[in-house]
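Colleague: how would this look folded up:
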Amino acid sequence: MVATGKIKKRRAMLEIGSEAPKFSAPDQNGNMLSLEDLLGSWVLFWWYTKASTPG
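Modeller: Model prediction:
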């Protein structure tokens with residue numbers, strides 16, 4: 001499963017162990033996926049900066 005999306009605004013960094021904010025994003029097949037869809041599962045957030053960008 002791969003989910004992609006854009007962050008609308010910069011938010012404060014979460015503390016380790018804190019609850020993640022609600023989100024939804026399209027997966028690799030274009031189906032919308034939300035955090036509630038993953039309730040009861042371990043979730044790993046992994047992202048990287050797009051090539052040739054200042055981020």
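Colleague: so how far is Q28 from the spatially most central residue of the chain?
Modeller: With distances taken as Cα atoms, centre = their mean, F45 lies nearest the centre of the chain, 5.8 Å away. With distances taken as Cβ to Cβ, to the nearest Å, F45 is found 16 Å from Q28. Where C-beta positions appear, they are placed from N, C-alpha and C, glycine not excepted.
Colleague: How many residues are close by A51?
Modeller: 5 (other Cβ atoms under 10 Å).
Colleague: what do you get for S41?
Modeller: Here the number of neighbours of S41 (other Cβ under 10 Å) works out to 6.
Colleague: just F23 next, same as before
Modeller: Other residues close to F23 by other Cβ under 10 Å number 13.
Colleague: swap in the one 3 residues further on?
Modeller: With neighbours defined by other Cβ under 10 Å, the count for P26 comes to 13.
Colleague: which phi and psi does the nearest residue to it once chain neighbours are set aside have?
Modeller: Computed as Cβ to Cβ, 6 or more residues apart in numbering, the closest residue to P26 that is not its neighbour in sequence is M32, at 5.9 Å. For M32, the backbone dihedrals (degrees, to the nearest 10) come out as phi -70, psi 140.
Colleague: Please look at M32 and A25 and confirm they touch.
Modeller: Yes: with contact defined as Cβ atoms under 8 Å, M32 reaches A25; the gap is 7.4 Å.
Colleague: who's more crowded, the two?
Modeller: More crowded of M32 and A25, by other Cβ under 10 Å: A25, with 13 against 10.
Colleague: secondary structure class for the more buried one?
Modeller: Three-state assignment for A25 (DSSP: H, G, I helix; E, B strand; the rest coil): strand.
Colleague: again, but for E36
Modeller: Under three-state DSSP, E36 falls in the helix class.
Colleague: Need the per-residue pLDDT for the residue lying closest to it once chain neighbours are set aside.
Modeller: Closest residue to E36 apart from its sequence neighbours, by Cβ to Cβ, 6+ apart: K22 at 7.3 Å. Here, the pLDDT recorded for K22 equals 88.
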